[in-house]
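K.L.:
any chance you could fold what I've pasted below:
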Amino acid sequence: MTKFITTAIDYPNALPHIGTAFEKIGADVAARYWRYKGEQVYFLGGNDENTVKVVKKANELGVPVQQYVDDLVKSFKEVWKRLNISYDDFIQTSEERHRIGVQQFISAVNDAGFIYKKPFKGFYCEGCEEYKTDGICQNHPKQIVQKEEENYFFKLSAFKQFVLDLIYPKPFITVFLDIQPESRYNEIKNFVENDLQDISISRKNQGWGIPIPWDNDQVIYVWFDALLNYLTGVGFGTDWDKFDKWWGAFYFPTESSTVHFIGKDITRFHCVLFPAMIKAYNESPSARKKIRFPQSVFAHGFIYQRENNTLNKVSKSGTYVSPVDLIDKYGSDAYRYYFLSKCSFHEDGEYNLKHFDEVYKADLANELGNLVGRVVSLVNKNYDGKLPTRPIDSDARIWFGPEALAQYTHFIESYRYKECLELIWNIVKSCNKYVEVKKPWELANNDPEACFSVLRNLVSGLRIISSLLIPFLPETADKIYNSFQFISTNGSLTSFAENNLTGFERGVSVNKAFLVDGKYPPLFPKH
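P.N.:
As a prediction, the model looks like this:
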């Protein structure tokens with residue numbers, strides 16, 4: 001089984017904010033988890049460059065549009081690198097591979113008879129790059145303009161029953177689109193049942209964008225263009241072997257699985273327009289092959305910042321908070337921990353700097369950081385950094401049993417990251433309580449054998465903590481694990497269950513390369 005994981009592609013008219021980054025770190029957890037479980041994973045991100053916003057911004061700066069997007073994509077990639085987003089590929093929609101695939105796709109849909117041209121007049125939101133039937137946009141109330149033009153339209157209304165059938169789960173039927181969380185599913189169902197109209201898919205060619213293959217006076221409208229990055233990013237139109245591996249043909253839906261992580265404001269495009277587009281393509285006589293429909297869409301909430309008892313949505317044009325500023329001060333893992341543990345990925349989240357700093361000190365510096373530092377220091381001081389080989393006593397099995405493993409698996413596979421981190425932090429708290437109760441610093445003088453057992457148990461707990469943290473805090477997990485040199489260990493999550501979660505059996509020593517002047521440096525320095 002292969003896993004194809006994507007995030008929404010972003011408009012490069014401004015640098016990412018903490019709301020944009022919320023999606024990326026959530027998707028990255030899933031990608032890292034499935035890799036850790038041994039699955040083949042392809043994780044795709046990108047920038048949505050064929051937009052009016054980008055042209056306006058480039059014109060404001062007085063630079064060619066291609067130069068502007070190429071320069072800005074470097075900044076985007078640097079932000080994602082700073083956050084340890086483990087993309088396998090990053091697509092720009094101005095790339096040739098994307099143009100080739102999009103033009104092949106739209107030509108096939110046109111051959112199937114689902115595209116027509118007509119004059120159109122309506123209210124257009126420049127923020128969403130979308131026509132609004134009621135002339136209102138909650139997210140961009142000041143960016144509504146009235147436009148009148150002749151466009152090509154996609155016969156979306158023809159696919160109403162198809163979409164309803166696709167999103168409704170049925171027993172023994174594997175071809176359906178899973179929409180999470182449930183509230184998003186209900187929104188999509190109501191939207192399709194009440195009002196599914198044909199959609200404009202082109203605009204006048206002003207020198208930027210992908211031209212309609214049979215009419216160079218028009219370029220392809222941003223959503224019909226942008227959604228296809230999920231196909232072109234894995235080879236549609238340019239590398240069919242790669243495409244077959246990661247996306248797959250219609251007749252083999254179980255060979256691979258896909259999940260699209262997106263913001264809740266663009267759910268309709270991914271859950272209605274995109275599958276309808278693929279259905280239209282599959283019915284075309286010129287389609288290369290029938291391709292599979294998307295399988296899973298997860299629509300996360302927004303991030304809000306509280307200022308003077310008022311919640312404001314974080315955005316590029318409104319309340320802007322840079323992830324880089326927080327990373328510079330606290331580090332990428334502290335950033336990831338805060339937004340994954342204090343904001344539900346299923347709902348809207350709330351951020352403020354004071355709370356961020358409090359969480360950093362309490363959860364990371366005091367609870368986790370101090371625990372690791374104390375255990376390493378005690379082992380190094382009392383046993384010269386080496387714990388000899390002995391059978392593990394029953395206390396070592398208290399940290400993480402099979403029931404907790406089942407909970408961990410359920411939470412992380414349903415993207416309930418907040419609950420998953422709470423589960424891990426229960427182990428951290430248990431280990432800290434164990435230290436306070438057992439007082440190994442006293443046992444070192446009074447009962448060295450008991451001290452040895454206590455420290456062995458604590459090191460076992462740290463190994464389990466580090467393994468469970470791999471998808472969430474990759475740098476921290478690596479530092480904790482590599483603070484010790486384990487003899488004969490298996491780094492897979494499955495091995496914990498098979499070995500009663502004991503962690504190691506043949507001895508362990510402190511990795512003195514991690515020590516500075518004989519001391520363990522703090523994982524999370526206090527500012």
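
K.L.:
where does this protein have its least confident helix or strand?
P.N.:
Every helix and strand of the chain was ranked by mean pLDDT, DSSP states H and E. The lowest is helix 493-498, at a mean of 40.

K.L.:
and the next element down the chain from that one?
P.N.:
Where DSSP states H and E defines the elements, the next helix or strand beyond helix 493-498 is strand 508-510.

K.L.:
okay, now the sheet partners of that following strand, with direction.
P.N.:
Strand pairing for strand 508-510, using DSSP bridges, gives strand 386-387 (antiparallel), strand 484-486 (antiparallel).

K.L.:
so who does residue 257 touch?
P.N.:
Counting by C-beta atoms under 8 Å, 6 or more residues apart in numbering, residue 257 touches 1, 2, 3, 4, 295, 296. Where C-beta positions appear, they are placed from N, C-alpha and C, glycine not excepted.

K.L.:
let me know the pLDDT of the residue in the chain sticking out farthest from the centre.
P.N.:
Relative to the centre of the chain, the most outlying C-alpha is that of residue 446, 50.3 Å out, by C-alpha atoms, centre = their mean. pLDDT, residue 446: 91.

K.L.:
for whichever helix or strand residue 434 is part of, what is the distance to the chain centroid?
P.N.:
When elements are assigned from DSSP H and E, residue 434 belongs to helix 417-438. Offset of helix 417-438 from its chain centre (C-alpha atoms, centre = their mean, to the nearest Å): 25 Å.

K.L.:
what residues does the very next helix or strand once past it touch?
P.N.:
Note on helix 417-438: by DSSP H and E, the next helix or strand toward the C-terminus is helix 440-446. Outside helix 440-446, the residues that touch it by C-beta under 8 Å, 6+ apart are 378, 381, 382, 450, 451, 454, 455, 458.

K.L.:
skipping its backbone neighbours, what lies nearest the fourth one in space?
P.N.:
Meaning residue 450. residue 443 (4.9 Å; C-beta to C-beta, 6 or more residues apart in numbering).

K.L.:
any stretches of this protein with poor pLDDT?
P.N.:
The chain contains residues with pLDDT under 70 at 126-130, 133-135, 138-139, 142-143, 170-174, 251-255, 317-318, 388-399, 487-506.

K.L.:
can we see that at 50?
P.N.:
253, 488-503 (pLDDT under 50).

K.L.:
pull the CA atoms of stretch 50-64 into PDB?
P.N.:
What follows is stretch 50-64, C-alpha atoms only, in PDB (Å, rounded to 0.1, in the frame of the first residue of the first chain):
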ATOM      1  CA  ASN A  50      -1.500  31.200 -12.100                       C
ATOM      2  CA  THR A  51      -3.600  33.800 -10.300                       C
ATOM      3  CA  VAL A  52      -4.700  37.400 -10.600                       C
ATOM      4  CA  LYS A  53      -3.200  38.000  -7.100                       C
ATOM      5  CA  VAL A  54       0.300  37.000  -8.300                       C
ATOM      6  CA  VAL A  55       0.100  39.200 -11.400                       C
ATOM      7  CA  LYS A  56      -1.000  42.200  -9.300                       C
ATOM      8  CA  LYS A  57       1.800  41.700  -6.800                       C
ATOM      9  CA  ALA A  58       4.500  41.300  -9.400                       C
ATOM     10  CA  ASN A  59       3.200  44.500 -11.200                       C
ATOM     11  CA  GLU A  60       3.300  46.400  -7.900                       C
ATOM     12  CA  LEU A  61       7.000  45.400  -7.500                       C
ATOM     13  CA  GLY A  62       7.800  46.100 -11.100                       C
ATOM     14  CA  VAL A  63       9.200  42.600 -11.800                       C
ATOM     15  CA  PRO A  64       8.300  39.900 -14.400                       C
END
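
K.L.:
need the contact partners of it.
P.N.:
Contacts with stretch 50-64, where a contact means C-beta under 8 Å, 6+ apart, come from 11-14, 65, 67-69, 71, 93-94, 126, 129, 203, 206, 208-210, 219-220, 222, 225-226.

K.L.:
just the element for residue 472, please.
P.N.:
According to DSSP H and E, residue 472 maps onto no helix or strand at all.

K.L.:
surely it is in contact with residue 417?
P.N.:
Yes - look at residue 472 against residue 417 with C-beta atoms under 8 Å: they come within range, at 7.1 Å.

K.L.:
give the residues shared as contacts by these two.
P.N.:
Listed contacts common to residue 472 and residue 417 are 29, 340; contacts here mean C-beta under 8 Å, 6+ apart.

K.L.:
all strands of the stretch 1-150 of the chain, in order?
P.N.:
Shown for the stretch 1-150 of the chain, the strands assigned by DSSP state E, counting those that start in this stretch span residues 2-7, 40-47, 89-92, 115-125, 130-132, 144-154.

K.L.:
looking at these, spot the one closest to residue 340.
P.N.:
strand 2-7 (15.0 Å; C-beta to C-beta).

K.L.:
that closest one pairs with which strands?
P.N.:
strand 40-47 (parallel), strand 256-263 (parallel).
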